[in-house]
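J.: Build the 3D model from these lines:
(2 chains)
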Number of protein chains: 2
Amino acid sequence: MKRFETVAIVGVGLIGGSVGLALRKFDLAEKIVGIGHRQVSLRIARRVGAVTNTTIDLSKGVAEADLVVVCTSVGRIIEDVRRVAEHCPEGTLITDVGSAKQKIVEALDEDLPRNCRFVGAHPLAGKEKAGAGNADADLFDGRVVVVTPTSNSRAEDYDLVEEFWEGLGSVVIKMSAQQHDEALAVTSHLPHVAAVALAASVDERLFRLSSSGLRDTSRLASGDPALWKQILAYNRDHVLAAMQEYGAGLAALYNAIRDDDQTQLEEILTKAKKNRDALGS
Amino acid sequence: MKRFETVAIVGVGLIGGSVGLALRKFDLAEKIVGIGHRQVSLRIARRVGAVTNTTIDLSKGVAEADLVVVCTSVGRIIEDVRRVAEHCPEGTLITDVGSAKQKIVEALDEDLPRNCRFVGAHPLAGKEKAGAGNADADLFDGRVVVVTPTSNSRAEDYDLVEEFWEGLGSVVIKMSAQQHDEALAVTSHLPHVAAVALAASVDERLFRLSSSGLRDTSRLASGDPALWKQILAYNRDHVLAAMQEYGAGLAALYNAIRDDDQTQLEEILTKAKKNRDALGS
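T.: All right, here's what the predicted structure looks like:
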């Protein structure tokens, strides 16, 4: 018998599709139901083998689920979890993959309809390319997944979400949604805005004079603007704090260059190199 | 008969070593003399096949050169070109690979000893890993090389430097040293300081919560602090101007996030994505 009878995935894009492919790779579910708005996305998810069944009718899609994974964009997760809770079997556990957690977890840390429960999660994995057509069974392999229970979460619900992600090859870290958002503001949302400001500042006449350095440093700016508007709004205060810290660091570097302060410049460049080398390739 | 009888390379690290390997790959020189300070670097250059001869004696190394390529770090190029001019055959052409050009080109745009001439160049190619051990015969293949003659440069000297780099597979662009430095401040030196400020701002306790986004965006911070101190000093005014522009872009993004100005946020994210997508992968 497999670990799950039926897993429902709401939103089968890159992440949802990769969850489905990984579930199949590790043979963890009898049925994987992909739920989406557009038949074309569902066809792609079926074609790549990410799901065994598909539907655009959420109420039918979750009707027999043991576990529901909501993989829609950050701005829709709260609403989608509530809709799922109205239609899934009584007492079903619902989780998500949103990259900002506090607003979502606070909104859903209440009695959901029909005794359903929500425990939030965020796999630190992705690609620039969206859609189930780019899904990858190994996307989560060895990657960190943060799971964010609250003081109201049941231990067995946390354990199930942990077991789910470990089953897909991930390393699970437990922390509060607030701690998650504060950390990810620095490690993910700040790099994004730094890359966006860089890409926006380069005149296209200079493109032919760029090399891999500019391309690497600005790569994140290719991300979907609609999705990133939501993430930045959902984690606003922490993102603003991280941007202030970054601005102060840039100002220190600016002053050291302007004043030809070799000692200060050496200190900043050396600290940055030490940190970057420690991050690995 | 090969295009060059003897090419001397002063400084056989990553770039100098790659010049040597590319010269051999395209069979352009009878003799390639590697000149350096340390026997160990010269041994590596010989071992990887980047040079046919080596010496730590610059005066002997350049004594028979048709062309001398100075590949030492930015802060040493002016002095090294002058030393070369004192010892190479009368009338020899000397070029370099420094990534800031105006100070170097201005300092050397004069009568060098014994009728030698200098024309500056900058291949837009590199790697994070230094040393001839990482040299690559294809490092310049299809990459842009900026050549920066002055009004005093002879046409035949420019032509020879152009022919040299085209012979190694590069695409040559001619511009003034000042134009080069203004452009590279944006396309190369700004990404570097943006990456440095980012890497310096991330506390090591957060490393486990980082993914490829932070690693890509901060990759340049692994560069050699000693070399980058020189580049930033040599191109100070243009780098400061580019950093001010970048700071203004970050501030606009900050304000849009703080004020939840969806229109402005959409505009910045969309412009950045358009630019970044146009840059290619």
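
J.: Going by C-alpha atoms from here, please, whenever you check contacts or count neighbours.
T.: Noted.

J.: Just give me the residue closest to the centre of chain A.
T.: Geometric centre of chain A, nearest residue: A:S99, 3.8 Å, by Cα atoms, centre = their mean.

J.: Could you pull out the buried residues of the top helix by length along chain A?
T.: Counting by DSSP state H, the longest helix found in chain A is helix A:236-258. Neighbour-count burial for helix A:236-258, counted by 16 or more other Cα atoms under 10 Å in any protein chain shown, picks out A:236-243, A:245-247, A:249-254, A:256-257.

J.: which among those residues are in contact with chain B?
T.: Filtering the buried residues of helix A:236-258 for neighbours of chain B using Cα under 8 Å from any Cα of the partner chain leaves A:236-237, A:240, A:243, A:245-247, A:249-250, A:253-254, A:257.

J.: Looking at the residues you listed, which is nearest A:A107?
T.: Using Cα to Cα, A:R236 comes nearest to A:A107 of those, at 16.3 Å.

J.: For the ones next to chain B among the buried residues of helix A:236-258, could you give me JSON lines that also reports pLDDT?
T.: Formatted as JSON lines, these follow (pLDDT from 0 to 100):
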{"residue": "A:R236", "pLDDT": "98"}
{"residue": "A:D237", "pLDDT": "98"}
{"residue": "A:L240", "pLDDT": "98"}
{"residue": "A:M243", "pLDDT": "98"}
{"residue": "A:E245", "pLDDT": "97"}
{"residue": "A:Y246", "pLDDT": "98"}
{"residue": "A:G247", "pLDDT": "98"}
{"residue": "A:G249", "pLDDT": "97"}
{"residue": "A:L250", "pLDDT": "98"}
{"residue": "A:L253", "pLDDT": "98"}
{"residue": "A:Y254", "pLDDT": "98"}
{"residue": "A:I257", "pLDDT": "98"}
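
J.: Report the inter-axis angle for the longest helix of chain A versus helix B:236-258.
T.: Between helix A:236-258 and helix B:236-258, the angle comes out at 170 degrees (axes from the mean of the first three to the mean of the last three Cα atoms, to 10 degrees).

J.: And the next helix or strand past helix A:236-258?
T.: For helix A:236-258, the following helix or strand on the C-terminal side (DSSP states H and E) is helix A:262-279.

J.: Touching that next one from outside, list them.
T.: Residues from elsewhere that reach helix A:262-279, judged by Cα atoms under 8 Å, 6 or more residues apart in numbering or on different chains: A:253, A:256-257, B:196-202, B:204, B:207, B:215, B:218-219, B:221-226, B:229.

J.: about what we covered before: contact partners of the longest helix of chain A?
T.: By Cα under 8 Å, 6+ apart, the list of residues contacting helix A:236-258 reads A:181-182, A:185-186, A:189-190, A:232, A:261-262, A:264-265, A:268, B:193-194, B:197-198, B:200-201, B:232-233, B:236-237, B:240, B:243, B:247, B:254, B:257-258.

J.: List only buried entries from the contacts of helix A:262-279.
T.: Among these, those classed as buried by 16+ other Cα under 10 Å are A:253, A:256-257, B:196-202, B:207, B:215, B:218-219, B:221-223, B:225, B:229.

J.: near chain B, which residues of the stretch 51-200 of chain A show up?
T.: Within the stretch 51-200 of chain A, the positions lying close to chain B (Cα under 8 Å from any Cα) are A:124-125, A:144, A:183-184, A:186-188, A:191-200.

J.: among those residues, which are in strands?
T.: Counted as lying in strands by DSSP state E, out of these, are A:V144.

J.: Among the residues of the stretch 51-200 of chain A next to chain B, name the ones in helices.
T.: Among these, the members falling in helices (DSSP H) are A:183-184, A:191-200.

J.: in the stretch 1-150 of chain A, which spans are helices?
T.: With DSSP state H, counting those that start in this stretch as the criterion, the stretch 1-150 of chain A has helices at A:14-25, A:39-47, A:58-61, A:77-87, A:102-108.

J.: ok, and for the first one, which residues are buried?
T.: What it means is helix A:14-25. Buried residues in helix A:14-25, counted by 16+ other Cα under 10 Å: A:14-24.

J.: before we move on, what about the last one?
T.: Using 16+ other Cα under 10 Å as the burial criterion, the residues of helix A:102-108 that qualify are A:102-105, A:108.

J.: which other residues reach that helix?
T.: A:77-78, A:118-120, A:148, A:150, A:177-178, A:180-181, A:234-235.

J.: Nearest to chain B among these?
T.: Distance to chain B, by Cα to the nearest Cα, is smallest for A:H180 among these, at 8.8 Å.

J.: Remind me which helix or strand that closest one belongs to.
T.: Counting by DSSP H and E, A:H180 is part of helix A:177-184.

J.: ok, and what's touching that helix?
T.: Contacts with helix A:177-184, where a contact means Cα under 8 Å, 6+ apart, come from A:100-102, A:105, A:146, A:148-150, A:235, A:238-239, B:206, B:209-210.

J.: Including pLDDT, could the buried residues of helix A:102-108 go into a markdown table?
T.: As requested, these are arranged in a markdown table below (pLDDT from 0 to 100):
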| residue | pLDDT |
| --- | --- |
| A:Q102 | 97 |
| A:K103 | 97 |
| A:I104 | 97 |
| A:V105 | 97 |
| A:L108 | 96 |
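
J.: quick one, what contacts A:R38?
T.: If you count contacts by Cα under 8 Å, 6+ apart, A:R38 has them with A:I56.

J.: ok, now A:E5?
T.: Neighbouring residues of A:E5 by Cα under 8 Å, 6+ apart: A:29-31, A:65-66.

J.: let's see 6 Å
T.: By Cα atoms under 6 Å, 6 or more residues apart in numbering or on different chains, A:E5 lies in contact with A:29-30.

J.: Can you give me the distance of it to chain B?
T.: Distance from A:E5 to chain B, counting by Cα to the nearest Cα, to the nearest Å: 32 Å.

J.: From A:G61, how far off is that residue?
T.: Here A:E5 is placed at a distance of 14 Å from A:G61 (Cα to Cα, to the nearest Å).

J.: Check the residue nearest to A:H189 when sequence neighbours are not counted and give its pLDDT.
T.: Spatial nearest neighbour of A:H189, excluding adjacent residues (Cα to Cα, 6 or more residues apart in numbering or on different chains): A:V239 at 6.6 Å. We have a pLDDT of 98 for A:V239.

J.: measure A:V239 to A:V147 for me?
T.: A:V239 sits 20 Å away from A:V147, going by Cα to Cα.

J.: Dump stretch A:211-227 to CSV, keeping only the CA atoms.
T.: Presented in CSV, the C-alpha positions along stretch A:211-227 are these (Å, rounded to 0.1, in the frame of the first residue of the first chain):
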residue,chain,number,x,y,z
SER,A,211,29.1,39.6,-19.7
SER,A,212,28.2,36.7,-17.3
GLY,A,213,28.7,39.0,-14.3
LEU,A,214,25.7,41.2,-15.1
ARG,A,215,23.7,38.2,-16.3
ASP,A,216,24.2,36.2,-13.1
THR,A,217,23.6,39.2,-10.8
SER,A,218,20.4,40.2,-12.5
ARG,A,219,19.0,36.7,-13.3
LEU,A,220,16.2,36.9,-10.8
ALA,A,221,14.7,39.9,-12.5
SER,A,222,13.3,37.4,-15.1
GLY,A,223,10.8,36.2,-12.5
ASP,A,224,7.1,36.8,-13.0
PRO,A,225,6.2,40.4,-12.1
ALA,A,226,2.6,39.5,-11.1
LEU,A,227,3.9,36.8,-8.6
